[in-house]
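Chemist: with the input below, show me the fold.
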Amino acid sequence: MRKKVTKAVFPVAGLGTRFLPATKSVPKEIMTLVDRPLIQYAIDEARAAGIKEFIFVTSRGKGALEDYFDHSPVLEQELRSKNKTELLEILKNTNMDSGAIAYIRQHKALGLGHAVWCARRLIGNEPFAVILPDDVIAAEKPCLQQMVEAYNETGGNMVAAMEVPPERASSYGMLDVADDQGELVKIRGMVEKPKAEDAPSNLAVIGRYILSPNVLRNLNQLKSGSGGEIQLTDAIAAELTQGHDVYGYRFKGQRFDCGSKSGFLQATVSFGLGREELRDDLYAYLQDIMSVDKAAQ
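Modeler: Below is the predicted model of the structure:
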């Protein structure tokens with residue numbers, strides 16, 4: 001019987017230098033998209049997929065991230081005394097049960113593969129998910145939930161995939177496709193950040209993974225790869241040479257790269273327009289900006 005995916009790793013050790021000076025004192029994962037921090041979107045997606053154990057790979061200076069998921073008795077009592085039940089309900093989603101969340105330190109920035117490897121003892125011999133909070137995905141059914149449902153049929157390893165233009169290939173791990181079945185793609189290989197002319201397809205890996213514990217053993221053997229870092233894609237590609245299946249999953253939804261300023265701004269506008277109480281005012285404001293810009297031209 002195939003084991004359920006109930007553990008997820010959240011690599012959040014990065015310094016967020018692209019968002020300085022904000023990230024000098026505030027972890028990037030706590031930066032808010034409309035009214036929720038990036039990490040809350042990742043946690044909500046994981047919960048919807050049936051994740052029960054949350055493993056954060058952190059670094060120095062991430063105390064605010066840990067505090068965010070703690071209970072806040074003073075704030076809760078204040079809201080309760082003022083009968084602000086709706087706000088109390090919102091706070092419930094930010095609280096984690098005792099023992100549900102664990103924090104592991106990544107002392108050196110040696111890459112995504114190394115960050116996942118740091119969580120090996122908590123993962124043990126079980127399949128697990130990896131969620132990169134920078135990748136925020138707007139979808140009717142959360143992306144990881146889509147993947148878990150597909151994984152329950154296929155087993156093996158699975159990565160979220162989306163099509164990118166050739167000039168963007170050097171920013172992603174790219175898939176070498178053996179069998180394209182539409183939603184599901186069977187993979188024969190993976191190439192980390194190739195030049196446009198060397199990309200084996202236009203399908204890129206984005207920040208959602210369901211992985212076999214074999215990947216952790218592969219990470220034990222790896223030396224630094226592209227960019228001098230230990231690449232998770234190399235450990236997944238090793239699964240193929242060992243005769244294990246790796247799939248790409250074309251998820252339904254829109255992905256925003258909130259690791260970049262422009263992506264963060266695009267996500268803010270998109271999620272703002274998706275909120276009924278904000279939509280009209282925001283849309284009117286955007287129309288005003290566009291009309292002024294056209295007039296200036």
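Chemist: secondary structure element for residue 87?
Modeler: Secondary structure from DSSP states H and E places residue 87 in helix 85-92.
Chemist: now find how far off-centre the lengthiest helix in the chain is within its chain.
Modeler: In the chain, with assignment by DSSP state H, the single longest helix is helix 276-296. Chain-centre distance of helix 276-296: 30 Å, with CA atoms, centre = their mean, to the nearest Å.
Chemist: one more: stretch 117-137?
Modeler: When C-alpha coordinates are averaged (CA atoms, centre = their mean), stretch 117-137 and its chain have centres 10 Å apart.
Chemist: and that stretch, what's buried?
Modeler: Residues 117-120, 123, 127-137 are the ones in stretch 117-137 that count as buried (16 or more other CB atoms under 10 Å). Using the backbone N, CA and C atoms, a C-beta is placed for each residue, glycine as well.
Chemist: now do the closest residue in space to residue 124 that isn't next to it in sequence against residue 8, distance only.
Modeler: Counting by CB to CB, 6 or more residues apart in numbering, residue 124 lies nearest to residue 213, which is 7.0 Å off, once chain neighbours are set aside. According to CB to CB, to the nearest Å, residue 213 stands 14 Å off from residue 8.
Chemist: now do the shared contacts for those two.
Modeler: Overlap between the neighbourhoods of residue 213 and residue 8 consists of residue 128, taking contacts as CB atoms under 8 Å, 6 or more residues apart in numbering.
Chemist: tell me which of those two has more neighbours.
Modeler: Set side by side, residue 213 and residue 8 show unequal neighbour counts under other CB atoms under 10 Å, the larger going to residue 8 at 28 against 15.
Chemist: then the helix or strand harbouring the more buried one to CSV, C-alphas only?
Modeler: For residue 8, the enclosing helix or strand under DSSP H and E is strand 7-11. Included here for strand 7-11 are C-alpha records, laid out as CSV according to Å, rounded to 0.1, in the frame of the first residue of the first chain:
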residue,chain,number,x,y,z
LYS,A,7,5.2,15.7,5.7
ALA,A,8,6.3,18.9,3.9
VAL,A,9,9.6,20.7,3.9
PHE,A,10,9.6,24.5,3.6
PRO,A,11,13.1,25.9,2.7
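Chemist: for stretch 73-81, which positions count as buried?
Modeler: In stretch 73-81, the ones that count as buried by 16+ other CB under 10 Å are residue 79.
Chemist: over to stretch 90-97?
Modeler: By neighbour count on 16+ other CB under 10 Å, the buried set for stretch 90-97 is residue 94.
Chemist: what is the end-to-end distance of that stretch?
Modeler: Stretch 90-97 has an end-to-end distance of 16 Å (CA to CA, to the nearest Å).
Chemist: got it, and stretch 130-150?
Modeler: End-to-end span of stretch 130-150 (CA to CA): 16 Å.
Chemist: one more: stretch 196-215?
Modeler: When the termini of stretch 196-215 are compared using CA to CA, they are 27 Å apart.
Chemist: name the nearest residue to the residue positioned nearest the centre of the chain, ignoring sequence neighbours.
Modeler: In the chain, the residue lying closest to the centroid (CA atoms, centre = their mean) is residue 132, at 2.5 Å. Leaving out its chain neighbours, the residue that sits closest to residue 132 by CB to CB, 6+ apart is residue 207, at 2.8 Å.
Chemist: tell me how many other residues surround the one you found.
Modeler: Using other CB under 10 Å: residue 207 sits among 21 other residues.
Chemist: all strands of the protein, in order?
Modeler: Remark: strands assigned in the chain by DSSP state E are 7-11, 32-33, 36-37, 53-58, 101-105, 128-131, 135-138, 157-163, 173-180, 184-192, 203-211, 246-250, 254-257.
Chemist: can I get those strands in CSV including distance to residue 112 and mean pLDDT?
Modeler: Conversion of those to CSV gives the following (distance: least, CB to CB, whole Å; pLDDT from 0 to 100):
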stretch, distance to residue 112, mean pLDDT
strand 7-11, 6, 96
strand 32-33, 22, 92
strand 36-37, 21, 92
strand 53-58, 10, 93
strand 101-105, 14, 89
strand 128-131, 8, 97
strand 135-138, 12, 95
strand 157-163, 12, 94
strand 173-180, 10, 88
strand 184-192, 10, 89
strand 203-211, 9, 94
strand 246-250, 16, 95
strand 254-257, 15, 95
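Chemist: now render those as TSV, adding distance to residue 217.
Modeler: Output for those, formatted as TSV (distance: least, CB to CB, whole Å):
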stretch	distance to residue 217
strand 7-11	16
strand 32-33	36
strand 36-37	34
strand 53-58	18
strand 101-105	18
strand 128-131	13
strand 135-138	26
strand 157-163	13
strand 173-180	20
strand 184-192	18
strand 203-211	11
strand 246-250	15
strand 254-257	30
